[in-house]
Structure formats: structure tokens, C-alpha cells
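Colleague: Give me coordinates for this.
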Amino acid sequence: MDKSEILKNVAPCSLMCHTCTGYRDGVICQSSKTLLKYLDGIKEFYEKHLPDAVESYKDFENVLRMYSGAPCSGCRSSEHNGCSIEGCFLLECTKNHGVDFCGECNEFPCKKTTDLFEEQVYEQWLKGNQQIHDNGIEFFWENNSENPHYKSYKKQQ
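Modeller: Predicted coordinates:
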């Protein structure tokens, strides 16, 4: 993937718009649209043949509809519709420093982000930008583009 496409799919903080539930061009939104397309008629099939499954399917379909209507056009867009982190200043900050990602900045890691992110997100920010700093954005993309966006919230077992 070329850098302009990576920039569309990765926020300046290194978080993946690509795997965010709010990103309209992301994998969650697009996959939800695809599933809805291929599941067309299944509710009626269930009503006829598996009536006990209808309510569960309706819940599933509602979730798919929610994700398929993702409103955000990405963190680099002025139309991100408030789905990004409240008070985020990183797009402006990276622009002011002439870089695309925090990890490319000569002030990385800076102290400005410690109050911006909660602990799980801060750890993602630090790790992602360290990878960008050490190996470049193409390496980062290849090694992280398939990772679940919210995995850091999952309790470790």
C-alpha cells in the first residue's frame, strides 16, 4: 500500500482508523455492508424455517446496520464527526511539526499526550509510534493493519 493510502487509514497518533468501528472506509464498516448484502432475505428464511432464531438475527442485523453507517471520514479529515478522542490535537501538532505521525517528530515521545489518552490508548500510541520511529510507516502498516482496533481493552488471561 502506498503512503497516501496509509495516511488515509492510520491516524497521526498511529491508531488505526482502518479497523475503527466509526470509520466509513474501514474494514468494519465495509464488512458490515458486505454481510448485510449477502444476508438479504435470511430474516424471512428464519421466520419460515427457524422462528427461534429470528430475534437473535434481528439483534445481529441491528449491529451490522449500526456499523455499516459509520460516520467518520478519518482522523486526518475535518469531517471526523467527533468520533475521535475528545480534545485530540495531534493532527494539528503533527502538521505544525511537519510530520505525518508522532513517531516521526524529533520531540517524540513528548509529554503532551499523557493527559490526552487513557492508559490502554497511551500504551498503543507509544508502541505504535516507536515502531514508526524505528522502522517507518510501511513497516508499521504491514505489522499492524490486521490487528483489532480495541484489543488493548480485552482483559489478558
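Colleague: Excluding covalently adjacent residues, which one is nearest to the spatially most central residue of the chain?
Modeller: The residue lying closest to the centre of the chain (CA atoms, centre = their mean) is C20, at 2.3 Å. Leaving aside its sequence neighbours, C20 sits nearest to H149 (CB to CB, 6 or more residues apart in numbering; 5.0 Å). C-beta: built from backbone N, CA, C; applies to glycine.
Colleague: which secondary structure elements does the longest helix seen in the chain contact?
Modeller: Assignment by DSSP state H gives helix 119-135 as the longest helix of the chain. Helices and strands touching helix 119-135, by 3 or more CB pairs under 8 Å, 6 or more residues apart in numbering; DSSP states H and E, are helix 137-144.
Colleague: residues in contact with the helix it packs on?
Modeller: 1, 3, 6, 9-10, 14, 16, 100-101, 104, 128, 131-132 (CB atoms under 8 Å, 6 or more residues apart in numbering).
Colleague: please redo it, this time with the cut-off set to 10 Å
Modeller: Residues outside helix 137-144 that contact it (CB atoms under 10 Å, 6 or more residues apart in numbering): 1-3, 5-7, 9-10, 14-16, 18-19, 100-101, 103-104, 124, 127-136.
Colleague: Buried among those residues? Make that a PyMOL selection.
Modeller: Those of the contacts of helix 137-144 that count as buried under 16 or more other CB atoms under 10 Å are selected in PyMOL with:
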select buried, resi 6+7+9+10+14+15+16+18+19+100+101+103+104+124+128+129+130+131+132+133
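Colleague: So which elements touch the helix or strand harbouring K43?
Modeller: Using DSSP states H and E, K43 sits in helix 42-49. Here helix 42-49 touches helix 54-68, going by 3 or more CB pairs under 10 Å, 6 or more residues apart in numbering; DSSP states H and E.
Colleague: Would you mind getting the angle between the helix it packs on and helix 42-49?
Modeller: 180 degrees (axes from the mean of the first three to the mean of the last three CA atoms, to 10 degrees).
Colleague: buried residues in helix 54-68?
Modeller: 54, 57, 61, 64, 67-68.
Colleague: C-terminal to that helix, what's the next element?
Modeller: helix 90-97.
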